[in-house]
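# Predicted model, plus sequence, below.
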Amino acid sequence: MRAGVIGIGDMGSGLAKNLIQNGFPTMGFDLLDERMKSFIDLGGSPAQDAADVGRHSDVVFIMVMNGEQVNDVVFGEAGLVTTLQEGSAVILSATVKPAEAQALGKALEGTGIHLIDSPVSGGFPGAQNGTLTLMASAPEAVLTQFKPAMDAVSSNIHHVGTEPGVGQTVKACLQSLIGSIFSATFEASVLAAKAGVSGEVLYNVFSTSSAGSVITNTSLENIIDRKFEGTGSHISTMHKDLTISMALAQELGVPMHTAAAAMQLFHAGKTKYPNGDNWVVTKVIEDIVGAELHR
């Protein structure tokens, strides 16, 4: 089975690395030259555009930023539909609006190209280590056919539905929770800083308590070590995901008080520190109270 990856940044490069390491001939494309060079260094074959990826792939992972980019990758002038063969599959691993995934599935009807709506969770470490959680929605026979490629990049594959949009809906619910945990951790860290508690003490207690989790622990480690950029978790991604969660909640009439507060904190962080990672939201609160948490 030949694989393709379009969008080989922090997350897509992990997909590509693990596909290659598991023996899949892998072709990739990204608009940034430095990403393409890193991909070649991993052992991947560079493509000229999305159509080139489709020409040499049986299954293509799309890991771009938003629905507009996904649509261009698939249906643009040099899009995947111009070259992918019948019976091949597009795996929508990017996080987009459920309605955008539904529209993509509708547009692919009659092409013979399968769509697996499968956003991922696990962040940069999960992508690089091949331990992502996949929320896959597609007919069971399609998932079975392309499971080897999905196994190469994940440790958990959840079959959450059969129609496009279901995977994205589950991801929107998940991100509302993750964003809320992030924000609570950021606030607690600043409360500790203002009260004179050391970062080391806070980390040791939190990480061994019932509140400890990958999200909490990773956030605190980066905060107390003052690592706010270059950790592989750019704030733009989480900000975008929370926007999707809140839009779905508005559409369905579901009150989301905690997630709404998280959305506003991430909005503040992205506005003041646009080049930062998720944990930079902490600096916004620190700036207000005049205290910083250090190890």
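Received, thanks.
# For the rest of this, base every contact and every neighbour count on C-alpha atoms.
Will do.
# From the chain's centroid, how far away is the helix or strand harbouring M11?
Element membership of M11 [criterion: DSSP states H and E] is helix 10-21. Counting by Cα atoms, centre = their mean, to the nearest Å, helix 10-21 is centred 13 Å from the centre of its parent chain.
# Now do it, average pLDDT.
The average pLDDT within helix 10-21 is 97.
# go on, stretch 270-279?
97.
# End to end on that stretch, go ahead and measure it.
11 Å (Cα to Cα, to the nearest Å).
# Only the buried residues of it, if you could.
By 16 or more other Cα atoms under 10 Å, the buried positions in stretch 270-279 come out as 270, 273, 275-279.
# now, which of those residues sits nearest G4?
Comparing the buried residues of stretch 270-279 against G4 with Cα to Cα places D277 closest, at 27.5 Å.
# my guess is that closest one contacts H239, does it?
No: counting by Cα atoms under 8 Å, D277 stays clear of H239, with 10.4 Å between them.
# For the helix holding M11, buried residues please.
10-20.
# Please list all residues in contact with L174.
Applying Cα atoms under 8 Å, 6 or more residues apart in numbering, we find L174 in contact with no residue.
# do you know how far it is from P46?
34 Å.
# Assign F124 to helix, strand or coil.
helix (DSSP: H, G, I helix; E, B strand; the rest coil).
# got it, and M246?
helix.
# for the chain, what helix or strand is lowest in average pLDDT?
helix 123-129 (a mean of 94; mean pLDDT, DSSP states H and E).
# helices or strands up against the helix or strand that that one is followed by?
Heading C-terminal from helix 123-129, the first helix or strand you meet, by DSSP H and E, is strand 132-137. Judged by 3 or more Cα pairs under 8 Å, 6 or more residues apart in numbering; DSSP states H and E, strand 132-137 is in contact with strand 114-117, strand 120-121, strand 154-161, helix 166-195.
# you'd agree Q85 is up against I113?
Yes: counting by Cα under 8 Å, I113 is a contact partner of Q85 at 7.1 Å.
# Tell me how many other residues crowd the closest residue to G276 other than its chain neighbours.
Spatial nearest neighbour of G276, excluding adjacent residues (Cα to Cα, 6 or more residues apart in numbering): E229 at 4.9 Å. When counting by other Cα atoms under 10 Å, one arrives at 17 neighbours for E229.
# Let me see the backbone angles for E229.
Backbone torsions of E229, given as degrees, to the nearest 10, read phi -140, psi 150.
# who touches it in this structure?
By Cα under 8 Å, 6+ apart, the neighbours of E229 are 275-277, 280.
# Can you tell me which of those is nearest V214?
Distances from V214 to the contacts of E229, taken by Cα to Cα, are shortest for D277, at 16.0 Å.
# tell me the contacts of the closest residue to the closest one other than its chain neighbours?
Closest residue to D277 apart from its sequence neighbours, by Cα to Cα, 6+ apart: H234 at 4.0 Å. By Cα under 8 Å, 6+ apart, H234 lies in contact with 275-278.
# swap the cut-off to 10 Å and go again
Under the criterion of Cα atoms under 10 Å, 6 or more residues apart in numbering, the contact list for H234 reads 10, 124, 228, 270, 274-280.
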